[in-house]
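> Fold the following and give me the result.
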Amino acid sequence: MAVTFVNGQYVNADEAVLPVNDLAVIRGFGAFDFLRTYGGKPFRLTANIERLRRSCALITLAFPWSNEEISEIVYETLRRNDLPEANIRILVTGGVSPDFFTPTGESSLLVMVAPLRPLVAEIYEKGAKAVTVRMDRIVHGAKSINYIPGIIAMNQARAANAIEALYLSPNDDVLEGTTTNLFVVKNGQLITPEESILPGITRNVVLELVEGEIDVAIRSVPRPELYDADEAFITASNKQIVPLVQVDDMTIGAGVPGPITRRVMELFHSETARTAVEA
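Predicted coordinates for the structure are as follows:
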């Protein structure tokens, strides 16, 4: 039986509850962060906690816990679940609201752990398809629990047999995926958007790893430029580095994962393997 942390208690997952007048339930007011383990050790946990803190600040949600407190809870939740590898979700909600609208400043904290479910190997070997959608994140830069745009977008992606939906800005720039960040490659240069996105932890790790080896440009990516890219890939904690070989009805590059994408995958896997060994 999975164990979940809820407001100071470790309980069986099927007994984990929030009051019906919690603002997460009645108003969708909350934020979360998501990460996974390598060798049983949370990958870049502090960076994820700091991003969660920023998300809460952006939506004016009280976050009274220290990094150390959150880390201790995460490690204890992992210990109680005893999984070889796990996904970790840290959730902060608006807490109980007597008038069903106004936050009292007493946020709720949950930590949920589940077995890791990796993507099939074929996706990394042959690449995947994405679609573009005229949709956007509710609050740029915040990983809020309001995923209505993402759910609608992913319904469109699944209908097109795509792994991800990429958000388009009003001026037709490609921003990010519902749960991923985007990179494109053109003439040997690695390009990734920065404005109006949630900067992912995996995205940041990629930028660290390629520094000094691959030329990087951080700027907007118009949709025609994505279609015309030599290579493209998306990044996320639970997906790692996924090559894109098709976007909408357009083939990306040669229609196979390209050399720079494969090099980024190699660098990332080396980094995560090092984390696993250190666990």
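
> CA atoms for contacts and neighbours, from now on please.
Will do.

> pretty sure Glu176 is in a helix, no?
No. Read with DSSP: H, G, I helix; E, B strand; the rest coil, Glu176 is strand and lies in no helix.

> can you count the residues close to the residue lying closest to Ala2 once chain neighbours are set aside?
Nearest non-adjacent residue to Ala2, counting by C-alpha to C-alpha, 6 or more residues apart in numbering: Ala13, 5.3 Å away. Neighbourhood size, Ala13 [other C-alpha atoms under 10 Å]: 15.

> remind me which residues of the protein are low pLDDT?
Applying pLDDT under 70 to the chain flags the ranges 279.

> Show me what the longest helix along the chain is packed up against.
The longest helix of the chain (DSSP state H) is helix 259-278. For helix 259-278, the contact count by 3 or more C-alpha pairs under 8 Å, 6 or more residues apart in numbering; DSSP states H and E identifies strand 30-38, helix 201-210, strand 231-236, strand 240-247 as packing neighbours.

> again, only this time at 10 Å
Counting contacts by 3 or more C-alpha pairs under 10 Å, 6 or more residues apart in numbering; DSSP states H and E, helix 259-278 packs against strand 30-38, strand 41-42, helix 121-126, strand 181-186, strand 189-192, helix 201-210, strand 231-236, strand 240-247.

> Okay, now the sheet partners of whichever helix or strand comes after the longest one, with direction.
Put plainly, it is helix 201-210. Moving toward the C-terminus from helix 201-210, the next helix or strand (DSSP states H and E) is strand 216-218. For strand 216-218, the paired strands and their directions (DSSP bridges) are strand 189-192 (parallel).

> got the buried residues for the partner strand?
Using 16 or more other C-alpha atoms under 10 Å as the burial criterion, the residues of strand 189-192 that qualify are Leu190, Ile191, Thr192.

> Just give me the closest of these to Ala217.
For the buried residues of strand 189-192, the residue nearest Ala217 by C-alpha to C-alpha is Ile191; the value is 4.8 Å.

> is it true that that closest one touches Val210?
No. Using C-alpha atoms under 10 Å, Ile191 is not in contact with Val210, being 11.8 Å away.

> Quick check: neighbours shared by the two?
Val216 (C-alpha atoms under 10 Å, 6 or more residues apart in numbering).

> Give me the neighbour count for Ala121.
Neighbour count for Ala121, taken as other C-alpha under 10 Å: 9.

> For it, give its distance to Leu58.
Distance of Ala121 to Leu58, computed by C-alpha to C-alpha, to the nearest Å: 37 Å.

> Same check on Asn204?
For Asn204, the distance to Leu58 (C-alpha to C-alpha) stands at 20 Å.

> Quick check on the two: which one has the bigger neighbour count.
Remark: of Asn204 and Leu58, Leu58 carries more neighbours, 16 against 13, as counted by other C-alpha under 10 Å.

> host element of Phe5?
strand 3-6.

> contact partners of that strand?
9-18, 73-74, 76-82, 90-91, 108-114.

> Which SSE is immediately downstream of that strand?
Strand 3-6 is succeeded, C-terminally, by strand 9-12 (DSSP H and E).

> which strands and helices sit next to the following helix or strand past that next one?
The first helix or strand that comes after strand 9-12 along the chain, using DSSP H and E, is helix 23-26. Under the contact criterion of 3+ C-alpha pairs under 10 Å, 6+ apart, helix 23-26 touches strand 30-38, strand 86-93.

> Keeping just the C-alphas, turn helix 23-26 into CSV.
The C-alpha trace of helix 23-26 is given here as CSV (Å, rounded to 0.1, in the frame of the first residue of the first chain):
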residue,chain,number,x,y,z
LEU,A,23,-9.2,25.9,-2.1
ALA,A,24,-7.6,23.2,-4.2
VAL,A,25,-10.9,21.4,-4.4
ILE,A,26,-13.3,24.3,-4.8
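
> Next, the buried residues of that helix.
Quick answer for helix 23-26 (16+ other C-alpha under 10 Å): Leu23, Ala24, Val25.

> swap in stretch 247-255?
Val247, Asp248, Thr251, Ile252, Gly253, Gly255.

> Next up, the contacts around Tyr227.
Going by C-alpha under 10 Å, 6+ apart, Tyr227 touches Val184, Gln246, Val247, Asp248, Asp249, Met250, Thr251, Ile252, Gly253.
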